[in-house]
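> Please find the sequence and the predicted model below.
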Amino acid sequence: MLGNRKYLEIPGDRVHELPPLLLKQTRGGEMESVVGRAEAMVESDWLVPADPPENERAARDLEQRKVGLAVNLAEQYVSFLKHWTWGESILEWIRQCETTFETRPSLRPLLQPDVWPHASRASFVLLLEDKRVPSGQVNLENAMGYRLTFRQPPPIHFFSDKFLFFLNHSMATTAYQTWAGAGGEQVISLPPERFRFFVTGPEIREV
């Protein structure tokens with residue numbers, strides 16, 4: 001027990017090798033292309049006044065406002081794509097880890113639901129956090145929340161501006177917390193010092 005976290009006790013002192021976390025490349029997040037689609041959203045959703053500008057200066061200001069809104073929408077969507085892709089990579093890694101646990105007698109009991117305490121899928125997300133896996137500006141729990149909500153990332157025009165600006169983060173947080181607490185028990189942590197694995201992306205790093 002450390003603070004309000006409870007860690008599983010694993011017999012022995014062996015450091016267990018887990019499968020590598022293979023980070024997928026984000027697709028469809030080219031900023032120029034996304035901004036173009038976001039500009040169409042700005043026009044079609046009436047996010048700026050529809051009345052024609054009174055003069056040339058007002059026309060320039062309106063155009064700058066449209067571009068600014070489109071860029072902000074695009075940035076929010078690209079962030080969503082990055083989070084979703086991380087969530088997809090993590091979910092596949094968790095499945096591989098479950099297979100690894102099942103094939104090793106010393107680890108198999110740790111996942112059995114009829115044994116308490118036992119690890120859950122959310123325990124592997126906490127392990128990534130405890131290992132301080134380099135994720136840039138990606139929040140791992142939100143990444144899982146997005147992936148749990150969407151089997152595939154929808155195109156930007158499927159979202160409203162209100163969702164992208166105000167609702168997406170809270171939705172991801174709620175989705176993750178609901179999933180993590182589905183068993184009605186506290187999520188048990190895996191001791192990070194007892195596991196190691198590689199993270200492969202633009203560079204390869206062992207954690």
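Alright, I've got the coordinates. Values in this document were obtained by computation on a predicted structure and should not be read as measured data.
> Tell me where the protein has helices.
Counting by DSSP state H, one finds helices in the chain at the ranges 31-44, 56-103, 121-130, 140-149, 161-162, 168-180.
> Which of the ones you listed has the highest mean neighbour count?
Counting by mean count of other C-beta atoms under 10 Å, helix 140-149 has the highest mean neighbour count of the helices of the chain, with a mean of 22. Placement of C-beta: from N, CA and C, glycine included.
> Report the distance from it to the chain centre.
Here the centre of helix 140-149 is set off from its chain's centre by 4 Å, with C-alpha atoms, centre = their mean, to the nearest Å.
> what's in contact with it?
Residues outside helix 140-149 that contact it (C-beta atoms under 8 Å, 6 or more residues apart in numbering) are 80, 83-84, 86-88, 90-91, 125, 128-129, 133, 135, 153, 168-169, 171-177, 179-180.
> Let me see the mean pLDDT of it.
Taken as a whole, helix 140-149 carries a mean pLDDT of 96.
> What's the local residue count around residue 201?
Residue 201: 17 surrounding residues under other C-beta atoms under 10 Å.
> Touching, it and residue 23? I think so.
Yes - Residue 201 is within contact range of residue 23, at 3.6 Å (criterion: C-beta atoms under 8 Å).
> for residue 117, what are its contacts?
Counting by C-beta under 8 Å, 6+ apart, residue 117 touches 6, 8, 188.
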